[in-house]
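Student: Sequence plus predicted model, see below.
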Amino acid sequence: MTILVTGGAGFIGRWVVQKLLNQYDVIALDNLSNGQEKNIAPFIGKPNFQFIKADVLDKETLNKAFEDVDMCIHLAAQINVQESLDHPERAFENNVVGTCNVLEACRRTDAKLVLAGTCMVYDLALSRPINEKDSIKPRSPYAGSKAAAEEMTLSYYYGYNLPVTIVRPFNTYGPYQKSNMEGGVVNIFIKKYLDGEDILVFGDGEQTRDLLYVEDCADFIIKAAFCKDAVGEVINGGTGSDIRIKDLALLICNDPSRIKYIPHHHPQSEIRKLVCDYSKAERLLSWKPETSLKDGIKRTIDWMRS
């Protein structure tokens, strides 16, 4: 079986590739705008691995890559909220047009598609975890373009009977994630902590996130990919518990004096509370997260130090 992973040199992508290589032939396709060749360096030379530097907007190269592909795990996307606010057309082109190109390639080759969505499409949660039936309210062109990509994907399931599954991982962190403003909050905070700098918290720090360790996220995506009962479904992946950003900063640095609060650069796109109801994933996929936040942070610190 041959599996194509778009965004395969990215943060989550390289973990998905690593786990798949134990059993399958894997093609990683990435334009390296966000992914990095060093992420997949350990796989180069393996007989069942191939890397193609290409963009999902390049239909000719994309279609060639799909020859003899049985499944596509589509992770390639424009993922930065602020960039999408500054340049909304890029979010649309990469996340909507790019996904449409992937869908057409899948339709041509009868390949199954697993689309990585995002928890950022959801409306504000109140006092309970978010489930897949909750309403969506995209607060940025990033979230809007990902929601549109999901709808396009489902249209191919209903309109063409293409086997598709949509996964919505919550905030993922861990080794190989960037630690600049293109990265996630955990890795950004850890980098500041290790460099002896103040940890900067946007707003009042009361906003919460459900933080999923990357290896658990990769397992979630792969289990969804191979579950027949997941075809045509949208499935959340998270831990079922959240933490305030101010408490996360304190957990990492253990020094309140090093935590500084600054104005939010896009308050209109902030979600105040994010916590995942992953009961559907547990029921359909027999999946649940294995890594505690404390252990995940320790693993990430050890990796960044090394």
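Tutor: Cool, got the structure.

Student: Tell me the pLDDT of residue 125.
Tutor: For residue 125, the pLDDT comes out at 61.

Student: got it, and the one 10 residues further on?
Tutor: In the prediction, the pLDDT value recorded for residue 135 is 92.

Student: ok, how many other residues are close to it?
Tutor: Around residue 135 there are 9 other residues, counting by other Cβ atoms under 10 Å. All C-beta atoms are positioned from the backbone trio N, CA, C, and that covers glycine.

Student: ditto for residue 148
Tutor: Neighbours of residue 148 using other Cβ under 10 Å come to 19.

Student: repeat for residue 128
Tutor: 10.

Student: From residue 118, how far out is it?
Tutor: Separation of residue 128 from residue 118 (Cβ to Cβ, to the nearest Å): 20 Å.

Student: Residue 137 too?
Tutor: In terms of Cβ to Cβ, residue 137 sits 13 Å off from residue 118.

Student: Strands of the stretch 51-200 of the chain, start to end?
Tutor: Shown for the stretch 51-200 of the chain, the strands assigned by DSSP state E, counting those that start in this stretch span residues 71-74, 112-116, 164-169, 171-173, 199-202.

Student: Those: which one's closest to residue 188?
Tutor: Residue 188 lies closest, by Cβ to Cβ, to one member of the strands of the stretch 51-200 of the chain: strand 199-202, at 8.4 Å.

Student: which parts of the closest one are buried?
Tutor: 199, 201, 202 (16 or more other Cβ atoms under 10 Å).

Student: Next: stretch 240-249.
Tutor: 240, 242, 243, 244, 245, 246, 248, 249.

Student: my guess is the second one meets residue 209, correct?
Tutor: Yes. Residue 242 sits in contact with residue 209 when judged by Cβ atoms under 8 Å, with a separation of 6.0 Å.

Student: Which residues are in contact with each of those two?
Tutor: Among the neighbours of residue 242, those also in contact with residue 209 (Cβ atoms under 8 Å, 6 or more residues apart in numbering) are residue 274.

Student: low pLDDT regions in the chain?
Tutor: Scanning the chain for pLDDT under 70 picks out 124-127, 181-183.

Student: Alright, I will stop here.
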